[in-house]
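K.L.:
predicted model and sequence below, questions to follow.
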Amino acid sequence: MAPNPHNVLAHRLGRRAFLRGALALSSAGAAAYAVGCGGGEDGADATTAPTTAAMPTQSVSGAITPVMLTSEYVVGQQNRFLVGLLNEDNDFLRDASVDLKFFVVNPDGQSGKLRGEGTATYTELVVPESASTAGAALGETIGFYEAIAPFDVAGNWAVEMAATPPGASSPTTVQAPFEVFEQFRIPAIGTVPPASENDTAATNPNETSLCSRDPICPLHDKVIADYLGKGRPLVVQFSTPAFCDTRFCGPVLDVLLDDVPAYQNRIDFIHIEVWQDFQLRQYRAATQEWGLPTEPITFFMAADGTIVSFLESVFSTQELTDALAALVA
């Protein structure tokens, strides 16, 4: 696959950026910043906001709607912070300049303290020409914004995004809440995930249940328990191509499939359809065993079965290639 000329490494927000924010607040008397609607009561430095709603309510401007794409944020980790921005025509907002400010939400749920700031990198995922129906319907590229952030405390957070579209003279500001956790909710890096006995094309003749991709993908011939930690790296993607809740994650399986031929002699690949029965909202057993609170997630396991990395939600071609190359380095 040809490199994506729009993709560059995500901007990393170092610990210094967060510490500077913390120290500045400390020296200024921990000034509060409104991250939702409702008045704060944090002394003379509190910022009063409108009272039409309360946190955690995502704010949407008339021109921009934010879509939070990642949710597995852990204290002290290099977290991938991904957000999609949709314009007033419900299309991807591309090539905008996006500044980020991160706040820890105060106990009142209506204000917060600045903890760090930085910029997001605009990234595009190129949809393969061989994409499934769901992937192809999204167009040739999926645009989103990314930063790498070392959140320093657990709890309720909010992000303020100031997005300046190409040609605009001033930014549009939107806000969204999220949570930072003390530890991973998913199987953590450095651990061995469950050796699930997932169904395959040989044990489940119902292709519609086995894979929602149209046509069905070829990564349903292996059982996780038979390949996890058995001497070769393993990649397992949990995704539901046809039932993705956002416009961003539909083609991630197609992108993985595009890279499989280059690595299939050195890495084993398995796709797990999230739903056993979408209509009944019944999750597949492996999805429950791995305790996944969200999807899609692509896990990368070393030859001994330990997780070395994961990519939550959408990813760039370069991110996937780097993760695969690291497994066989």
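P.N.:
Right, received. Where do you want to start?
K.L.:
from here on, contacts and neighbour counts on C-alpha atoms
P.N.:
Fine.
K.L.:
you'd agree Gly109 is in a helix?
P.N.:
No. Applying DSSP: H, G, I helix; E, B strand; the rest coil, one finds Gly109 to be coil, outside a helix.
K.L.:
count the neighbours of it for me.
P.N.:
Around Gly109 there are 20 other residues, counting by other Cα atoms under 10 Å.
K.L.:
and if you look at the one 10 residues further on?
P.N.:
Neighbour count for Thr119, taken as other Cα under 10 Å: 20.
K.L.:
for it, pull up the helix or strand it's in.
P.N.:
strand 112-126 (DSSP states H and E).
K.L.:
direction included, what does that strand pair up with?
P.N.:
Here strand 112-126 has these sheet partners by DSSP bridges: strand 32-33 (antiparallel), strand 97-105 (antiparallel), strand 141-149 (antiparallel).
K.L.:
wait, Ile272 sits on Ser239?
P.N.:
Yes. The pair Ile272 and Ser239 passes the contact test of Cα atoms under 8 Å, sitting 6.5 Å apart.
K.L.:
how about the nearest residue to Leu210, chain neighbours excluded?
P.N.:
Excluding the flanking residues, the one nearest Leu210 by Cα to Cα, 6 or more residues apart in numbering is Glu273, at 6.3 Å.
K.L.:
what ranges does the stretch 151-300 of the chain have for its strands?
P.N.:
In the stretch 151-300 of the chain, the strands defined using DSSP state E, counting those that start in this stretch lie at 155-164, 172-180, 234-239, 268-273, 275-277, 282-283, 297-301.
K.L.:
now do stretch 100-116: distance to the chain's middle.
P.N.:
21 Å (Cα atoms, centre = their mean, to the nearest Å).
K.L.:
how long is that stretch from one end to the other?
P.N.:
One end of stretch 100-116 sits 8 Å from the other (Cα to Cα, to the nearest Å).
K.L.:
what of stretch 82-98?
P.N.:
Span of stretch 82-98 from end to end, Cα to Cα: 12 Å.
K.L.:
equivalent analysis for stretch 182-198, please.
P.N.:
Across stretch 182-198, first to last residue, Cα to Cα, it's 30 Å.
K.L.:
for it, which positions count as buried?
P.N.:
187-189, 192-193, 195-196, 198 (16 or more other Cα atoms under 10 Å).
K.L.:
what is the nearest of those to Cys249?
P.N.:
Pro187 (20.6 Å; Cα to Cα).
K.L.:
show me the contacts for the closest one.
P.N.:
Counting by Cα atoms under 8 Å, 6 or more residues apart in numbering, Pro187 makes contact with 193, 290-291, 307.
K.L.:
what's the closest of the strands paired with strand 112-126 to Val67?
P.N.:
Using Cα to Cα, the strands paired with strand 112-126 put strand 141-149 closest to Val67, at 9.3 Å.
K.L.:
what comes into contact with the closest one?
P.N.:
For strand 141-149, using Cα under 8 Å, 6+ apart, the contacting residues are 10-14, 77-85, 92-94, 98, 119-127, 248.
K.L.:
can you flag the buried ones in those?
P.N.:
If we count by 16+ other Cα under 10 Å, the contacts of strand 141-149 have these buried: 10-14, 78-85, 92-94, 98, 119-127, 248.
K.L.:
confirm Asp319 sits in a helix?
P.N.:
Heads up, residue 319 is Glu, not Asp. Yes. Judged by three-state DSSP, Glu319 forms part of a helix.
K.L.:
residues contacting the closest residue to Thr70 other than its chain neighbours?
P.N.:
By the measure of Cα to Cα, 6+ apart, the closest residue to Thr70 outside its immediate chain neighbours is Leu82, 5.6 Å from it. Listed by Cα under 8 Å, 6+ apart, the contact partners of Leu82 are 68-70, 144-147.
K.L.:
quick one: average pLDDT of the host helix or strand of Leu82?
P.N.:
Using DSSP H and E, the element containing Leu82 is strand 79-86. Averaging pLDDT along strand 79-86 gives 96.
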